[in-house]
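S.K.: Predicted model, plus sequence, below.
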Amino acid sequence: MGHDHGHDHTHGANKKALMISFIIITGYMIVEAIGGFLTNSLALLSDAGHMLSDSISLGVGLLAFTLGEKVASYSKTYGYKRFEILAAVFNGVTLILISIYIFYEAFQRFSNPPEVASTGMLIIASIGLLVNVIVAWMLMKGDTEENLNLRAAFLHVLGDLLGSVGAIVASLSIIFFNWGWADPLASVIVAILVLISGWRVTKDAIHVLMEGTPKNVELDDIINSMEKTKGIISIHDLHVWSITSGQNALSCHAVVDGDLSVNECQELLRTIEHELEHKGIGHVTIQMESKEHPHDDSLMCQNDEDSSSHTHNHEH
């Protein structure tokens, strides 16, 4: 129960961080987009484009947190927790598309650099940098290690921060050296950052959707610790996957010593569940069978429902 309470606490903190970040970023994105049009700066516009994707990303992230809180039902037995991963895929793909568009625009501008109102660009980019530093610091205090959704938002903001630095450097280059190409160059650097973070987030989210083994889980370590447990002969049909960021599940068949009583079986299950919880797996379903009659219900420790119901009580 302590584990669940901790999870709820970080969930609330994550949600609050996202909410405030969303309001700040959306507000400033509008300022930067207008500023980009008025000063004719692609670096500012590309940064505003990145901020738009941030704003969408944070908004979808918030929606994912809110939907993720909806309880499980008969039609969605895991609840809506996977929506968070779908949000991460959506974010990643949006970032990739935005970066392609910026590359295209910058290419046009290299061959024909337009006039840029560099002082206005410098002022707007400097405020942008400050805004991004504040938001990045707020998100850093959340759970960016474990939570894919929050990490996606954090990467977006980090890319933004660098975009603002690029726009500041470009505006100074135009003011002091009259380098018109500094503006499209800064936007290309932003586009590369956007592309990299978009690719990473998409790849990680697809890994979860494909039921891939969670990154923080060592399969060999899990098999060894289960097989070392007294009373277990071997493990097969093992599956480990993520329901959503930071929530891992495991199911397997365990061949056990045929002489174990029902109580000993329950004790064995509790031991394994306790072990696995320390290894980052909170949702465990183990089907037990005896060596002589694998898959024979009559000889599984009093039958598998005991273990399942026990597991679910443990989980909630």
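M.R.: Everything's here; your move.

S.K.: if you go through the stretch 151-300 of the chain in chain order, where are the strands?
M.R.: 232-244, 247-256, 283-290 (DSSP state E, counting those that start in this stretch).

S.K.: May I ask you to confirm that residue 102 is in contact with residue 191?
M.R.: Yes: when contacts are counted by Cβ atoms under 8 Å, residue 102 is listed as touching residue 191 (3.9 Å). For every residue, glycine as well, the C-beta is placed using N, CA and C.

S.K.: Identify the residue nearest the geometric centre of the chain.
M.R.: residue 148 (1.0 Å; Cα atoms, centre = their mean).

S.K.: Now that residue. Nearest residue, chain neighbours left out?
M.R.: residue 245 (4.1 Å; Cβ to Cβ, 6 or more residues apart in numbering).

S.K.: For the one you found, the count of nearby residues, please.
M.R.: 26 (other Cβ atoms under 10 Å).

S.K.: pLDDT score for it?
M.R.: Residue 245 is assigned 76 on the pLDDT scale.

S.K.: any idea how far it lies from residue 25?
M.R.: According to Cβ to Cβ, to the nearest Å, residue 245 and residue 25 sit 21 Å apart.

S.K.: same question, residue 285
M.R.: Taking Cβ to Cβ, one finds residue 285 at 41 Å from residue 25.

S.K.: In terms of neighbours, single out the busier of these two.
M.R.: Applying other Cβ under 10 Å to residue 285 and residue 25 shows that residue 25 carries more neighbours, namely 25 against 15.

S.K.: give me every residue that touches that one.
M.R.: 51, 54, 55, 58, 131, 135, 157, 160 (Cβ atoms under 8 Å, 6 or more residues apart in numbering).

S.K.: my guess is residue 225 contacts residue 279, does it?
M.R.: Yes: here residue 225 reaches residue 279: they are 7.4 Å apart, a contact under Cβ under 8 Å.

S.K.: which parts of stretch 61-80 are buried?
M.R.: Within stretch 61-80, the residues that count as buried by 16 or more other Cβ atoms under 10 Å are 61, 62, 64, 65, 67, 68, 79, 80.

S.K.: After the host helix or strand of the first one, which helix or strand is next?
M.R.: Taking DSSP states H and E as the definition, one finds residue 61 inside helix 42-68. Helices and strands here follow DSSP H and E; after helix 42-68, the next one along the chain is helix 83-111.

S.K.: Just list what that following helix packs against, helices and strands only.
M.R.: For helix 83-111, the elements it packs on are helix 42-68, helix 148-177, helix 182-209, judged by 3 or more Cβ pairs under 8 Å, 6 or more residues apart in numbering; DSSP states H and E.

S.K.: Show me which positions of the first one end up buried.
M.R.: Using 16+ other Cβ under 10 Å as the burial criterion, the residues of helix 42-68 that qualify are 42-62, 64-65, 67-68.

S.K.: Could you check the angle it makes with helix 182-209?
M.R.: Angle between the axes of helix 42-68 and helix 182-209 is 20 degrees (criterion: axes from the mean of the first three to the mean of the last three Cα atoms, to 10 degrees).

S.K.: Please state the offset of helix 42-68 from the chain centre?
M.R.: Chain-centre distance of helix 42-68: 14 Å, with Cα atoms, centre = their mean, to the nearest Å.

S.K.: quick one: residue 177 from residue 170, how far?
M.R.: Counting by Cβ to Cβ - residue 177 and residue 170 are separated by 11 Å.

S.K.: on that earlier part again, in TSV: the helices and strands packed on helix 83-111, plus distance to residue 231 and mean pLDDT.
M.R.: Formatted as TSV, the helices and strands packed on helix 83-111 follow (distance: least, Cβ to Cβ, whole Å; pLDDT from 0 to 100):
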stretch	distance to residue 231	mean pLDDT
helix 42-68	37	81
helix 148-177	37	85
helix 182-209	33	89
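
S.K.: Let's have these in TSV, adding distance to residue 111.
M.R.: Output for the helices and strands packed on helix 83-111, formatted as TSV (distance: least, Cβ to Cβ, whole Å):
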stretch	distance to residue 111
helix 42-68	13
helix 148-177	17
helix 182-209	9
